[in-house]
Each structure stands twice: as structure tokens, then as C-alpha cells.
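Asks: heads up, no residue letters with this:
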Ligand SMILES: [Zn+2]
């Protein structure tokens, strides 16, 4: 459960590899995706890689309803917020947890993203972060993102969110908070909607992020884990091994 270290994309936090440095000498390193399309958010930070103990802890909260897990995860979220904080405005920033659809919220009884946001806010400079949990709403149920390609994920969440409290967002910088950043489809859609409603800048902080494991990799989308709705599990294996099998 170690924090992410090493060369990362300055925008989305994806892992970068050594050959990258040779191909892109600019001062602010960006991954291929962020070079192709400017994301709707300014920057996304994550505390750790979505695997092992951290993944289990997130599952405990989300699917096991073990609420105390939110305290540990909230502390990690506070660290990823601290990475972004030097660039935050001096006036307060609206913290918006990615919302659940009504039916899912009723079934789960709490929004895990909101729980971890509450802990993180308590641990971060008081008065600077204001929770605006109702500012964004999920307008429709989205099917599980597990097993979907990057493109399908984007289609799946398109139009799924709406701004319910425009006054909380208009003319302000906003921090979107979630447990896991997988392809960024969900937070990008949230950022797009928030910007359209007048947010001047959108930041993203998550507890975990899926990371490329090696320079030469293929993604195998593992759909056996139906409990994971936001976490595409990218099993990444070296190309040589994939080609040889
Ligand atoms: Zn990137």
C-alpha cells in the first residue's frame, strides 16, 4: 500500500516509462492520451496504485460496508489532495464527491466517495475545502464499467451527470473526489458537466489509480470480478509473454 512514485503524467498521473523521456522532451511530462486530448480537468492526483491491500480496503468500504475503512482511505485522500493544494486558489474550493444513482445510494446506504471526502476535509487546512455533496447528481443508472473498453466507458457515462446546485459551482474552482481513477471516464464526464455549469477549474483527487505496469504491455480486461463497478481490472502482462503464449 505504497504511495505512487516515479515518472508520472503531469495531468492524469499515469505512469511514464524511460523511452518516453526520449520522445517527449517538454518540461511538463504528459502521457500519450493527455497529449492527444486536453482533459476537462486541470490535474488528477492519486495516493496509491489500485492493487493489493489498497484495493481490498476500498472493497471493504464499498461492498463490505465496513465504514471505519473510510477513515484510513480518507487519510490517503488527504495526501493526494495535498499534492494538488499548492495550486488551489486562496478562496475556498468546492469538494464534490462523484455521486451515486438514487437507487444505488438507497441500497448501499452511503456514498463511499462522500465518506472519504469528509475525513480528508477534516484533515486538510480548515476553511479551504467545502463539501458540496449535492452539487452534482447522477441522473441515470450506468451499467457496470467492468470489462468495458476506454471508449465504451466514455459512452457509458456520457450524459449520466447533471449539476443540481449551479450556485455552488459557478465561478468557482472545484475538486472532484472518488475512490478509484481507472480510465478517467467518470471524473472527465463530471469535469465536463461542471465546467459547462461555470466552474472555472476542476481538480480531481482519488485514493487509488490503475497504473500501467510495464512499458510493453497489453491490457486484458478481466470481467470475472463483477463486484467492481468502477474498477476495470487491467491485468497487464509483458507483450513478449502474450505473444509467446
Ligand atoms: Zn495523462
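Replies: Okay, I see it. Note that the coordinates shown come from a computational prediction; the quantities given were computed from them, not determined experimentally. Numbers count the residues shown, from 1 in each chain.

Asks: CA atoms for contacts and neighbours, from now on please.
Replies: OK.

Asks: what does this protein have sitting close to the ion?
Replies: With the criterion set to C-alpha under 5 Å from the ion, the chain comes near the ion through 9, 12, 31, 34.

Asks: sort out for me which of these are in helices.
Replies: Judged by DSSP state H, these include residue 34 as members of helices.

Asks: neighbour-wise, which of the residues of the chain next to the ion leads?
Replies: With neighbours taken as other C-alpha atoms under 10 Å, the top of these is residue 12, carrying 23 neighbours.

Asks: could you export the residues of the chain next to the ion as JSON lines, including distance to residue 86?
Replies: Compiled in JSON lines, the residues of the chain next to the ion are given as follows (distance: C-alpha to C-alpha, whole Å):
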{"residue": "9", "distance to residue 86": "18"}
{"residue": "12", "distance to residue 86": "17"}
{"residue": "31", "distance to residue 86": "22"}
{"residue": "34", "distance to residue 86": "22"}
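
Asks: how does the chain divide into domains?
Replies: 7-37, 39-244 (automatic domain parsing).

Asks: could I get those domains as CSV with mean pLDDT?
Replies: CSV is the format used below for the domains of the chain (pLDDT from 0 to 100):
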stretch, mean pLDDT
domain 7-37, 80
domain 39-244, 86
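
Asks: what's the most buried one of these?
Replies: Compared across these, domain 39-244 shows the largest average neighbour count, a mean of 19 (mean count of other C-alpha atoms under 10 Å).

Asks: how far away from the center of its chain is it?
Replies: 3 Å (C-alpha atoms, centre = their mean, to the nearest Å).

Asks: what sits against residue 157?
Replies: 142, 185, 186, 189 (C-alpha atoms under 8 Å, 6 or more residues apart in numbering).

Asks: residue contacts, the first one?
Replies: In other words, residue 142. Shown in contact with residue 142 (C-alpha under 8 Å, 6+ apart): 156, 157, 160.

Asks: centroid residue for the protein?
Replies: residue 181 (3.1 Å; C-alpha atoms, centre = their mean).

Asks: do I have it right that that one meets residue 209?
Replies: Yes. Assessed by C-alpha atoms under 8 Å, residue 181 is found in contact with residue 209 at 4.6 Å.

Asks: what do the two both touch?
Replies: With C-alpha under 8 Å, 6+ apart as the test, residue 181 and residue 209 both reach residue 46.

Asks: quick revisit: between the contacts of residue 142, which sits nearest residue 108?
Replies: Closest approach to residue 108 among those (C-alpha to C-alpha): residue 160, at 19.2 Å.

Asks: that closest one contacts residue 136, doesn't it?
Replies: No. The pair residue 160 and residue 136 fails to qualify as a contact (C-alpha under 8 Å) at a distance of 10.4 Å.

Asks: which stretches in the chain count as helices?
Replies: With DSSP H, the ranges of helices along the chain come out as 18-23, 32-36, 52-62, 69-84, 102-108, 112-123, 150-157, 185-196, 239-244.

Asks: which elements pack onto the fourth one?
Replies: Translated: helix 69-84. strand 43-49, helix 52-62, helix 112-123, strand 201-209 (3 or more C-alpha pairs under 8 Å, 6 or more residues apart in numbering; DSSP states H and E).

Asks: can you give me the angle that helix makes with helix 112-123?
Replies: Computed with axes from the mean of the first three to the mean of the last three C-alpha atoms, to 10 degrees, the direction of helix 69-84 lies at 60 degrees from that of helix 112-123.

Asks: got the angle between helix 69-84 and strand 43-49?
Replies: Going by the same axes, to 10 degrees, helix 69-84 makes 130 degrees with strand 43-49.
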